[in-house]
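*Asks:* Got a predicted structure plus its sequence, pasted below:
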Amino acid sequence: MLAEAGAEILGTDWIEPETAADIRFVGDLPGARAALAAWEGRVDTIVQEAAGRAKKLFIADMDSTMITVECLDELADYAGFKPQVSAITERAMRGELDFVAALDERVALLEGMDAEIVTRCHAERVALSPGAVALVRTMKAHGAHTVLISGGFTLFAERVAAEIGFDRAIANQLEISAGSLTGRVLRPIVDSVKKCQVLQEETERLGLAREDTLAIGDGANDLAMVEQAGLGIAYHGKPKLRDAADGRIDHGNLSVLLYAQGYARNDWVEG
């Protein structure tokens, strides 16, 4: 398929036998991406420059990316509002609703809930996405800086970041009064603009080039960040993000990004 798209194939190598391979070629990257995006095979493909493939900055979304759930939807389940909240979440992540307005609308339904429900929700509902720990810890072992940034909440993000091994966590803060959720989110809001801003600030602070950066997310509020990164990935993403990303993970888990950076299984740090 690459050859048909005009690429000159230089060779192939297994990174992990029967699991992940490099196909080295000379040719147009956008053309190669377009050719492979049309393929219906159940294989994830990441088209990129060979030089600098091991990234030095990793910025990741949390909900439905580094963890398997949407925390706000799960909180709403305890209050009996999950169907309503999940429907709004889906539309917001598809870019059909204003993110901040949708966030305020959903959080308002949590008014009066005991703040301790967050701890219970984290313990009972939050699960790390397969490959999350290995991805972050392997990148850190090779000198990368890692940031978890979420349009969700610090009460979850700080726990998740510590469990996975991120260097930093940034998220929204739920307002709490007398031990209960007020139904409001404190300002400023972590939205699409803030995510992209953090990527740019961290890139400059570390003295990196754009090509040294990797960003991943699943929804429309990750779009600016993913477009700004040297390698932007849609992880089981919504259509708007999938169309804009440099690469898509539609079939595998987060370990795809370890192979994409050239790390074989025996290079991974999993504990």
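*Replies:* Perfect, thanks for sending it. Just so we're clear, the structure is a prediction, and the values are computed from it rather than from any experiment.
*Asks:* Spatially central residue for the protein, please.
*Replies:* The centroid of the chain falls nearest to G217 when counting by CA atoms, centre = their mean (3.0 Å).
*Asks:* Beta-bridge partners for that residue, please?
*Replies:* A234 (DSSP bridges).
*Asks:* what's the answer for S177, then?
*Replies:* According to DSSP bridges, the partner residues bridging S177 are S180.
*Asks:* That one: neighbouring residues, count only.
*Replies:* S177: 9 surrounding residues under other CB atoms under 10 Å. In short, each C-beta sits where N, CA and C put it, glycine included.
*Asks:* pLDDT value on it, please?
*Replies:* The score at S177 is 98. That number is its pLDDT.
*Asks:* quick one: it from R242, how far?
*Replies:* Distance of S177 to R242, computed by CB to CB, to the nearest Å: 40 Å.
*Asks:* Could you do A37 as well?
*Replies:* Applying CB to CB to A37 and R242 gives a distance of 9 Å.
*Asks:* do the same with A38
*Replies:* Distance from A38 to R242, by CB to CB: 13 Å.
*Asks:* So between these two, which is more surrounded?
*Replies:* The residue with more neighbours, out of A38 and R242, is R242; 18 against 9, by other CB under 10 Å.
*Asks:* residue boundaries of the helices in the stretch 151-271 of the chain?
*Replies:* Secondary structure of the stretch 151-271 of the chain (DSSP state H, counting those that start in this stretch): helices at 154-164, 192-205, 223-228, 239-244, 256-260.
*Asks:* Who are the contact partners of M139?
*Replies:* K55, F58, T146, Q261 (CB atoms under 8 Å, 6 or more residues apart in numbering).
*Asks:* give me the element it is part of.
*Replies:* Per DSSP states H and E, M139 falls inside helix 132-141.
*Asks:* Give the buried residues for that helix.
*Replies:* A132, V133, A134, L135, V136, R137, T138, M139, K140 (16 or more other CB atoms under 10 Å).
*Asks:* Now tabulate those in JSON lines and tack on pLDDT.
*Replies:* Output for the buried residues of helix 132-141, formatted as JSON lines (pLDDT from 0 to 100):
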{"residue": "A132", "pLDDT": "98"}
{"residue": "V133", "pLDDT": "98"}
{"residue": "A134", "pLDDT": "98"}
{"residue": "L135", "pLDDT": "98"}
{"residue": "V136", "pLDDT": "98"}
{"residue": "R137", "pLDDT": "98"}
{"residue": "T138", "pLDDT": "98"}
{"residue": "M139", "pLDDT": "98"}
{"residue": "K140", "pLDDT": "98"}
